[in-house]
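[1] prediction below, plus the sequence it came from.
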Amino acid sequence: MPVVNRIADYSADMTAWRQHLHTIPELEFECYETAAFVADRLREFGVDELHEGIAQTGIVAIINGQGDGPTIGLRADMDALPIPEETGVEYASTKPGKMHACGHDGHTTMLLGAARYLAETRNFRGRVALIFQPAEEEGGGAGVMVEEGIMDRFDISQVYALHNAPNLPVGAFHTTPGPIMAAVDTFEIHIQGVGGHGAMPHETRDPVMAACGIAQAIQTIVSRNNYALDDLVVSVTQIHTGTVNNVIPDTAFINGTVRTFDPTVQQMVIERMEQIVQGQATSYGVEARLDYEKNYPATINDGEKAGFAAEVARDVSGAERVVGNMGREMGAEDFSYMLQSRPGAYLFLGQGEGAGLHHPKYNFNDEIAPVGASFFARIVEKAQPLG
């Protein structure tokens, strides 16, 4: 696989960085140890500027190229997940209940590898902004960094990111122009009834039956209110109510997620869900409240930048390993906020067979770190070439 030779030379260092990061997983904005490790490496590499404490623990490092030119942004996420690790590896998490189950330790390592190479060679015009971001899993750290002004402050003109993909072939790249990942919303439904003895349901206003009715009814939003060719997922993921077998409880709770691409569809879901919740509550004689929260927007690649990124990926991995029109999926990603602010592209990088993302046995494949680092390096050199 034609990774950059110089980057291949420090594959062992990258493996050591990644496995160290794997031992110190941190959640959301609390990436203090991770950020300190990243900052130390960047200083060693000789970056020209190091800006810390953005979005609490985020970092932007600047490397100057040769001659005037624009600034290209490269982003890696740093946070982990609240999952107990079950990999059994010798470098497993040292923090109980936390692990890098999504490969952000690998993403950080790939960008560090690119940083080392770019600081050594500077074979590009303008500047590169290396963005190390906290709180991708929860908190929308990318959005916070954008709100804190990184795009304007560092004059970033375009931006790119990678995510590892279990069960895609090692070194394969997948991307697509336009929407690639969905907007993600969450909803909670709080039901207040009147409990009582399970043998005397006529004396109650049963929230259990209301919860069942609401959960079933909101599934009709997809099947009966949405145009079949407009992507939409509505999933009920939690129903909590009751404590014992002979007591009808006072309350019930429903929770779930909604995935969309089109804001018009998203608004339809909100309106229809409110109608269903109130209508079902009336029919069961209970009270119900819908709390609906819009979260990450859809991740939408710029068409031109996605095509350019695919071409760079072909240079790194070979044309047969790159799919430039993969279609879209219903997962979500807060890199969407950066793509709302600047044109760019998001790509998946295959890491071979293994446990899926967010699984307690997941582990990043160190073999692909030089591939991702080479992609980041080449996209800078090809977007802003010398001469």
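    Received the coordinates, thanks. Every value quoted in this text rests on a predicted model; they were computed, and no experiment measured them.

[2] in the stretch 51-200 of the chain, where is pLDDT below threshold?
    In the prediction, the stretch 51-200 of the chain carries no residues with pLDDT under 70.

[3] gap between Gly58 and Ala35?
    When CB to CB, to the nearest Å is applied, the distance between Gly58 and Ala35 equals 7 Å. All C-beta spots, glycine's among them, are computed from the backbone N, C-alpha and C.

[4] so which of the two has more stuff around it?
    Neighbour tally, Gly58 and Ala35, criterion other CB atoms under 10 Å: the higher count belongs to Gly58, 27 against 22.

[5] list the residues that are in contact with both of Gly58 and Ala35.
    Residues within reach of Gly58 and of Ala35 at once, by CB atoms under 8 Å, 6 or more residues apart in numbering, are 132, 134.

[6] spatially central residue in this protein, please.
    Relative to the mean C-alpha position of the chain, the nearest C-alpha, by CA atoms, centre = their mean, is the one of Glu333, at 3.3 Å.

[7] let me know the pLDDT of it.
    Glu333 is assigned 96 on the pLDDT scale.

[8] now do Glu30
    98.

[9] tally of neighbours for the closest residue to it other than its chain neighbours?
    Closest residue in space to Glu30, ignoring its immediate chain neighbours: Thr57 at 6.9 Å, by CB to CB, 6 or more residues apart in numbering. A count of nearby residues for Thr57, using other CB under 10 Å, gives 25.

[10] just to check, Thr57 is in contact with Tyr32?
    Yes - counting by CB atoms under 8 Å, Thr57 touches Tyr32, with 5.8 Å between them.

[11] what are the boundaries of the helices in this structure?
    In the chain, the segments counted as helices under DSSP state H are 5-9, 11-23, 32-45, 104-121, 141-147, 150-153, 207-218, 220, 263-284, 303-317, 335-341, 369-383.

[12] in TSV, list those along with distance to Val194.
    Putting the helices of the chain into TSV (distance: least, CB to CB, whole Å) gives the following:
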stretch	distance to Val194
helix 5-9	66
helix 11-23	51
helix 32-45	49
helix 104-121	47
helix 141-147	42
helix 150-153	53
helix 207-218	8
helix 220	27
helix 263-284	11
helix 303-317	55
helix 335-341	43
helix 369-383	57
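
[13] can you check which of the ones you listed gets nearest to Ser235?
    For Ser235, the closest of the helices of the chain is helix 207-218, at 9.8 Å, according to CB to CB.

[14] who touches the closest one?
    Identification of contacts with helix 207-218 by CB under 8 Å, 6+ apart yields 189, 191-193, 195, 234, 236, 239, 241-242, 248-254, 256, 273, 276-277, 279-281, 283-284, 286, 288.

[15] list the buried residues of that helix.
    Residues of helix 207-218 classed as buried by neighbour count (16 or more other CB atoms under 10 Å): 207-215, 217-218.

[16] quick check: Glu148 vs Gly53, distance?
    Spatial separation of Glu148 from Gly53 under the definition CB to CB is 10 Å.

[17] of these two, who's got more company?
    Glu148 (15 against 10).

[18] for the more buried one, which non-adjacent residue is closest in space?
    Leaving aside its sequence neighbours, Glu148 sits nearest to Ile54 (CB to CB, 6+ apart; 5.6 Å).

[19] that neighbour: what's it in contact with?
    Applying CB under 8 Å, 6+ apart, we find Ile54 in contact with 60, 145, 148, 150.

[20] hmm, try it at 10 Å
    When the contact criterion is CB atoms under 10 Å, 6 or more residues apart in numbering, the partners of Ile54 are 35, 60, 131-134, 141, 144-145, 148-150, 153.

[21] contact partners for the closest residue in space to Phe124 that isn't next to it in sequence?
    Sequence neighbours aside, Gly65 is the residue nearest to Phe124 in space, at 4.0 Å (criterion: CB to CB, 6+ apart). Listed by CB under 10 Å, 6+ apart, the contact partners of Gly65 are 71-72, 118, 121-128, 380-381, 384-386.
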